[in-house]
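K.L.:
Compute the structure for the input listed below.
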Amino acid sequence: MKHTFKTFFALLTLVILSSFSYLGEGHGYHIGDIATDFSLENIDGKMVSLSDYDSAKGFIVVFTCNTCPYAVAYEDRVEALNKKYAKQGYPVIAIMPNNTKVKPGDKMEAMQARAKAKGFTFPYLMDEGQKIYPQYGATKTPHVYILEKTKKGNVVKYIGAIDDNYQDAKAVNKKYVEDAVDALLSGKEIEEKQTRAIGCSIKV
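P.N.:
Predicted coordinates for the structure are as follows:
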């Protein structure tokens, strides 16, 4: 009887914990949601909002940082995405979401230095107070959200990884972000709307 009760209690605890875990994974935007605008400080000291981009068809929003090796590995690819798609109406908007007290290497001065050293052509914004990344539901650096501008607002069309190989750009088999943006530009359905973001956890 005691053994049965212990087993039942253990199973009940597992179910409750699993439920909380599931709920935790479901926070933030989902495919089809309307993303609210923001106003965040760029590395040039100016405030940047999505509404500033009158001619944009959408956005490639990338949560990234200076200190994560995954994010660093993707820097050149993020820059390449902006150079390829900004002129087609889908600019990259990079946002640094980490708590800079935990990660001093992600402070604004470090962001400015990194952007200058790498020659970033996209805005690199500070999520001051960490208010924006929770709205999106971002958990990693990098974590990508592709938005399509519509009459209703900026609709979330893709969430996840940039591609399927963070270690080697030459060994990539699936370019998730490129495939998604290409589909949007051609008026087609995105085949893979959501993938698992690979990177460092956002520091709070």
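K.L.:
switch to C-alpha atoms for all contacts and neighbour counts from now on
P.N.:
Will do.
K.L.:
tell me the pLDDT at residue 20?
P.N.:
On pLDDT, residue 20 comes in at 34.
K.L.:
Now do the strands in the protein.
P.N.:
34-35, 40-42, 47-48, 58-63, 92-96, 124-126, 140-141, 143-149, 154-160, 200-201 (DSSP state E).
K.L.:
List the contacts of the first one.
P.N.:
Here strand 34-35 makes contact (C-alpha atoms under 8 Å, 6 or more residues apart in numbering) with 29, 136, 147, 152-156.
K.L.:
Mind doing that once more with 10 Å?
P.N.:
With contacts defined as C-alpha atoms under 10 Å, 6 or more residues apart in numbering, strand 34-35 is touched by 28-29, 135-136, 145, 147-150, 152-157.
K.L.:
Among those, which one lies nearest to residue 128?
P.N.:
Nearest to residue 128 among the contacts of strand 34-35 is residue 135, at 13.5 Å by C-alpha to C-alpha.
K.L.:
separation between that closest one and residue 120?
P.N.:
From residue 135 across to residue 120, the span is 25 Å (C-alpha to C-alpha, to the nearest Å).
K.L.:
the more surrounded of these two?
P.N.:
Higher neighbour count among residue 135 and residue 120: residue 120, with 19 against 13, using other C-alpha atoms under 10 Å.
K.L.:
Just list the residues touching that one, thanks.
P.N.:
75-76, 78-80, 82-83, 94, 112, 114.
K.L.:
Those into TSV, with extra columns for distance to residue 43, neighbour count and pLDDT?
P.N.:
Listed next are the contacts of residue 120 as TSV, based on distance: C-alpha to C-alpha, whole Å; neighbours: other C-alpha atoms under 10 Å; pLDDT from 0 to 100:
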residue	distance to residue 43	neighbour count	pLDDT
75	16	19	97
76	18	15	97
78	17	25	98
79	16	16	98
80	19	15	98
82	17	22	98
83	19	17	98
94	11	23	98
112	5	18	98
114	10	16	97
